[in-house]
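Asks: Model the structure of this input:
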Amino acid sequence: MLRDELRPAWSAAVRAEWTKLRTLPSTTWLLAGTVAVTVGTTAIIAAATHTSTGPDAARQDPTKLALTGIDLGQAIIAVLAVLTVCEEYGAGMIRITLTAMPRRTVVLAAKAVNLTGLTLIAGLVAVAGCLMTGRLMLPGAGLGTADGYPLVSLAHTATLRAAAGSVLYLILIALLVLGIATAIRDTAVSVGVVLALLYLPPLLAQAVSDPLRRHLEQIAPMTAGLAVQVTTSSPAQVIAPWAGLGILAMWAAGSLTTAGVLLRIRDA
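Replies: Down below sits the predicted model:
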């Protein structure tokens, strides 16, 4: 009975949140910017890469190199996730939303569903663009078949896993940021906290030595989550690909759970 009562409310919440997100002036530009920045960064990295050859040369990971643009593109997805919540708080419209939909966790879930859908689309396009860019440009950097490297291709199981994992990575980052923004409720502060959480731990890891560096990279959301892009075995790999994505999923789940609790107990 309760499930039947929630169904209309859930559908209405999803439609309402979709309308708000779709009509947000920055949504289209941010999604397009995510694709452009992600693919553009990969192109710049590929153009600047010059791999040495020979028996003593370190083996590279062409797939991970092709997906490097995700490192920067995620920041734009993070901004979109922040605006999904904080735009309403800034305009004072959140009071109307929560009055019309008293079940606050339903509102948060509806925002998460719509944000996930848009991130999925942008992620698929961005990842496909990165792989195509890597396939076309990396052979010129010494990472082609003539150099003993296979072309970047989804026909390879590891590359397919890295590509799918990168899309999931962007979705989990969006959900993590959604939870943080819901808890903080301020656009500038939320963006600052998110960027620090993503980019500061990798910098700190470079300033310390093992085993502290290894542990930091294993639990930091960005370094752990991006382990899913690795397609070659390396002593420098600190966590298994899916395990790393699991760590990021735990970050996202914890963030959304905290946001849901705070949303219920605080005033709008």
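
Asks: Give me the distance between stretch 70-89 and the centre of its chain.
Replies: 10 Å (Cα atoms, centre = their mean, to the nearest Å).

Asks: Name the residues of it that are buried.
Replies: 70-89 (16 or more other Cβ atoms under 10 Å). The way it works is simple: take the backbone N, C-alpha and C, and place the C-beta from them, glycine included.

Asks: Strands along the stretch 101-250 of the chain, start to end?
Replies: Here the stretch 101-250 of the chain has no strands by DSSP state E, counting those that start in this stretch.

Asks: how about low-confidence regions in the chain?
Replies: 1-8, 52-58, 268 (pLDDT under 70).

Asks: so of the buried residues of stretch 70-89, which ones are in strands?
Replies: The strands, defined by DSSP state E, take in nothing from the buried residues of stretch 70-89.

Asks: My understanding was that residue 153 contacts residue 132; is that so?
Replies: No - in this structure residue 153 lies outside contact range of residue 132 using Cβ atoms under 8 Å: 10.4 Å.

Asks: What are the boundaries of the helices in the stretch 1-150 of the chain?
Replies: 2-23, 25-48, 62-66, 70-91, 94-100, 104-137 (DSSP state H, counting those that start in this stretch).

Asks: What about residue 139, how many residues nearby?
Replies: 18 (other Cβ atoms under 10 Å).

Asks: OK, contacts around it?
Replies: The contact partners of residue 139, by Cβ atoms under 8 Å, 6 or more residues apart in numbering, come to 145, 146, 147, 149, 151.

Asks: Just give the nearest non-adjacent residue to the first one, would you?
Replies: Distances taken as Cβ to Cβ, 6 or more residues apart in numbering put residue 151 closest to residue 145, at 6.3 Å, once the chain neighbours are dropped.

Asks: Next, count neighbours for that neighbour.
Replies: 16.

Asks: do the same with residue 212
Replies: Using other Cβ under 10 Å: residue 212 sits among 12 other residues.
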